[in-house]
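Undergrad: Could you work out the structure for the sequence below:
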Amino acid sequence: MQTGSANSRENVDLQENYTASTPSVSPLVREKDICWEYAEKLEGNKVRCKFCQRVLNGGISRLKHHLSRLPSKGVNPCTKVRDDVTDRVRAIIAQKEEIKESSCVTKPKLVEAKPPGNISMVKASMPLESVVSPIQKVFPTVSSMAPPSLNNQENAEKNIALFFFENKLDFSVARSSSYQLMIDAVAKCGPGFTGPSAEILKTIWLERIKSEVSLQLKDVEKEWTTTGCTIIADTWTDNKSRALINFLVSSPSRTFFHKSVDASSYFKNTKCLADLFDSVIQDFGPENVVQIIMDSSFNYTGIANHIMQNYRTIFVSPCASQCLNLILEEISKVDWVNRCILQAQTITKFIYNSALMLDLMKQYTGAQELIKTGITKSISNFLSLQSLLKQRSRLKVMFNSPEYSTNSSYTNKPQSINCIAIVEDNDFWRAVEESVAISEPFLKVLREVSAGKPAVGSIYELMTRAKESIRTYYIMDENKCKIFLDIVDRKWREQLHSPLHAAAAFLNPSIQYNPEMKFIPAMKEDLYKVLEILLPMPDMRRDITNQICTFTKVRGMFACNLAKEARDTVPPGLWWEQYGDSAPVLQRVAIRILSQVCSSFTFERHWNTFQQIHSEKRNKIDKETLNDLVYINYNLKLARQMRTKSLEADPIQFDDIDMTSEWVEESDNPSPTQWLDRFGSALEGSDLNTRQFNAAIFGASDHIFNL
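TA: Below you'll find the predicted structure:
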């Protein structure tokens, strides 16, 4: 099999590297670096990564650091490289570093580690060789079974692995940016470094890092006087049916997590909810808040009316990403679309519930997955249909291959005949193509509004273009066109429409000056309503009509070439800041409106952590500590999300596969052996969704932070 040969080649390459690092053997000179299989050589000293297509200067060395995803040498990490390739390249880099160290270091020296600040540390007083390993401490009788000797790299990796296994840490922790930063910092301390105790972590360092995160928020608050901010109320229900509300605050620089509240006892009590929202608004200052985004669960609480009556300049807007998800959900319920999804799931269930089939599929798809996990069920369905469509020809070849047809492990299963019939059915593939064509425009809108950037000025245009794509696709089928457009229009009227969206579209220069876009009277009415709210006094809006004309008729600074050239390339809020001086009152309003997000953009929620916070069994001290931990953890996640925007991460898709989804699960109650058999050798390729694995093996009483 191809996978086996690739693994054998990799083992040989790593063995050669290991042999080269032995002092008694001269390093081998390779005619061609093994990492060239991941790159295309260009002119000069440039290479192109085969995974992300990025062009790098500096040859194969820069490519290695690019693929390793290590924060070194100023190389942007690859966002599409497979984890097995990353591990392989990291091993090669580590072996190379060992060769350098062995050539310049003759005798290791013990270094006394000095503690930072006033934190006391224990000094090392014994050589590393005499330190008892964690396994020997717990199981002293198995010491004879340990390998006779390990080099420094292997010994370090072994002890890091033990730390992960002993504390049941999610393997994805090793992908975080702070993981490698921690290891680098410890390495600089040398032998003898003693890590901070649990008490020091829980007190001194928790308070210090919380203060640092809070200071970052203070820096962002300075821009609120100009841009304003959006409060996001993100509601969800845990496994005990408790209504939990996460409050976040967003502005152009970044989004911050504020706090999490258990509102189960008063979620339908308007007075209590009003008091809660009043307190959050006061935390940020009513004069700074432009809008509050809340999901549909608040529709029946009356809280929106309370906010608009008591805070005249604050708008209440729907969550655009939630509304778009409802559109996709309605589309997936159309009979033929639903039938298409069920047939596609038949194929993936058959493949992913057999280790042999999974390995065979990986061979024919070039190690690509068929399933994609989105942030919601509906998004997962259409992303997976896209993925399946891309692999159509390879799947047909696989099911007709000798490896499949001559192996009784595949062909004897009842699902096999059904899968072959579906794969060979042209009507099925036409349905897949059609489902992908009508869903992709709305997935594009979702990506735009869920990326955490100000998009309130774009939602009208994006939705208009998405509807136009459906009209174009069904230009010869009015009945189908009407079915899907009715779904979109109904959800737009019920969920998505907001006067703030219309005003933002009117003030967005890329839309205002686009001859293809026409403003209907209702949009202008919404603009005037918004201006009356944000400029409540007559003297504040005395010259506003003239300033609107200056903007729409392209006069003053709006007419300069720089302003014209920047209409489609500069964010609209920044455009107004730079070129809106000819209409100063309208400028202030435009900046505040166009600087807002229109969605509670989605990222991985930390369910276990929130459940600990809202647990009634925890005492007050632990609850305060957990609140601090979530505040830090959530904001670090948000900061990382902001940093990785340029790496083209898909905001509506998770990296890992949800192995409990309907695209994998065969029945409501799968047996344990069936569940484990599904993974097979895929565990070695990091295909297992570690979030689901974490939830499966850790009980409700397993506390993440062990307080």
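Undergrad: Tell me where the model's unsure across the stretch 251-400 of the chain.
TA: Within the stretch 251-400 of the chain, the ranges that satisfy pLDDT under 70 run 299-301.
Undergrad: got the residue ranges for the strands in it?
TA: 255-262, 289-294, 315-318 (DSSP state E, counting those that start in this stretch).
Undergrad: Distance check, the closest residue to residue 266 other than its chain neighbours against residue 86.
TA: Excluding the flanking residues, the one nearest residue 266 by C-beta to C-beta, 6 or more residues apart in numbering is residue 272, at 3.6 Å. The C-beta positions use only the backbone N, C-alpha and C, and glycine is treated the same way. For residue 272, the distance to residue 86 (C-beta to C-beta, to the nearest Å) stands at 49 Å.
Undergrad: Compare the two and say which is more crowded by neighbours.
TA: Comparing residue 272 with residue 86 by other C-beta atoms under 10 Å, the one with more neighbours is residue 86, at 18 against 14.
Undergrad: which element is residue 217 on?
TA: In this structure, residue 217 sits in helix 206-221 according to DSSP states H and E.
Undergrad: for that helix, packing partners?
TA: In this structure, helix 206-221 packs against strand 255-262, helix 620-643, with contacts taken as 3 or more C-beta pairs under 8 Å, 6 or more residues apart in numbering; DSSP states H and E.
Undergrad: Tabulate the CA atom coordinates of that helix in CSV.
TA: Output of helix 206-221 as CSV, limited to C-alpha atoms (Å, rounded to 0.1, in the frame of the first residue of the first chain):
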residue,chain,number,x,y,z
LEU,A,206,-3.0,34.2,37.6
GLU,A,207,-3.3,37.7,38.9
ARG,A,208,-0.3,39.0,36.9
ILE,A,209,-1.5,37.7,33.6
LYS,A,210,-5.1,38.8,34.3
SER,A,211,-3.8,42.3,34.9
GLU,A,212,-1.8,42.2,31.6
VAL,A,213,-4.9,41.1,29.7
SER,A,214,-7.0,43.9,31.4
LEU,A,215,-4.3,46.4,30.4
GLN,A,216,-4.7,45.4,26.8
LEU,A,217,-8.5,46.1,27.1
LYS,A,218,-7.7,49.6,28.5
ASP,A,219,-5.6,50.4,25.5
VAL,A,220,-8.5,49.4,23.2
GLU,A,221,-11.0,51.5,25.2
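Undergrad: what's in contact with it?
TA: Contact partners of helix 206-221, identified using C-beta atoms under 8 Å, 6 or more residues apart in numbering, comprise 251, 253-254, 256, 288, 625, 628-629, 631-632, 635-636, 639.
Undergrad: biggest separation within those residues, which pair?
TA: Across these, no pair lies farther apart than 288 and 625, at 29.7 Å, counting by C-beta to C-beta.
Undergrad: list the contacts for the closest residue to residue 397 other than its chain neighbours?
TA: Excluding the flanking residues, the one nearest residue 397 by C-beta to C-beta, 6+ apart is residue 364, at 6.2 Å. Listed by C-beta under 8 Å, 6+ apart, the contact partners of residue 364 are 394, 395, 397, 398, 401.
Undergrad: and if you look at residue 592?
TA: 226, 227, 228, 290, 534.
Undergrad: swap in residue 283?
TA: residue 258.
Undergrad: Can you give me the pLDDT of residue 474?
TA: On the pLDDT scale, residue 474 is placed at 95.
Undergrad: wouldn't it be in contact with residue 480 here?
TA: Yes. Counting by C-beta atoms under 8 Å, residue 480 is a contact partner of residue 474 at 5.0 Å.
Undergrad: Domains in the chain, by residue range?
TA: Domain assignment for the chain by the TED database gives 34-99, 234-317+601-643.
Undergrad: Please name whichever of those domains is nearest to residue 429.
TA: Closest among the domains of the chain, using C-beta to C-beta: domain 34-99, at 26.2 Å.
Undergrad: How far does that closest one sit from its chain's centre?
TA: 23 Å (C-alpha atoms, centre = their mean, to the nearest Å).
Undergrad: And stretch 370-380, by the same measure?
TA: 13 Å.
Undergrad: Report the backbone C-alpha coordinates of it in PDB.
TA: The C-alpha trace of stretch 370-380 is given here as PDB (Å, rounded to 0.1, in the frame of the first residue of the first chain):
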ATOM      1  CA  LEU A 370     -14.300  13.600   2.900                       C
ATOM      2  CA  ILE A 371     -15.900  15.200   5.900                       C
ATOM      3  CA  LYS A 372     -15.700  18.800   7.000                       C
ATOM      4  CA  THR A 373     -16.900  19.900  10.400                       C
ATOM      5  CA  GLY A 374     -18.500  23.300  10.500                       C
ATOM      6  CA  ILE A 375     -19.500  25.500  13.400                       C
ATOM      7  CA  THR A 376     -23.100  24.200  13.000                       C
ATOM      8  CA  LYS A 377     -24.800  21.100  11.700                       C
ATOM      9  CA  SER A 378     -26.100  22.800   8.600                       C
ATOM     10  CA  ILE A 379     -22.700  24.300   7.700                       C
ATOM     11  CA  SER A 380     -21.100  20.900   8.200                       C
END
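Undergrad: contact partners of it?
TA: The contact list for stretch 370-380 (C-beta under 8 Å, 6+ apart) reads 325, 328-329, 331-332, 347-348, 351-352, 361, 381-384, 386-388, 391, 443, 446, 450, 602, 652-654, 656-658, 661-664, 689.
Undergrad: Filter these down to the ones in helices?
TA: Cross-referencing these against helices under DSSP state H gives 325, 328-329, 331-332, 347-348, 351-352, 361, 381-384, 386-388, 443, 446.
Undergrad: Filter those down to the buried ones and express that as a ChimeraX selection.
TA: Here is the ChimeraX command that selects the buried residues among those (16 or more other C-beta atoms under 10 Å):
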select :325,328,329,331,332,347,348,351,352,361,381,382,383,384,386,387,388,443,446
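Undergrad: Need the contact partners of stretch 545-552.
TA: 507, 512, 555, 556, 558, 580, 582, 583, 584, 585, 586.
Undergrad: Now it: buried residues?
TA: Buried, per 16+ other C-beta under 10 Å, within stretch 545-552: 547, 548, 550, 551.
Undergrad: Now do residue 526 against residue 507, distance only.
TA: Separation of residue 526 from residue 507 (C-beta to C-beta): 11 Å.
Undergrad: more crowded one of these two?
TA: Set residue 526 next to residue 507 and count neighbours by other C-beta under 10 Å: residue 507 wins out with 27 against 21.
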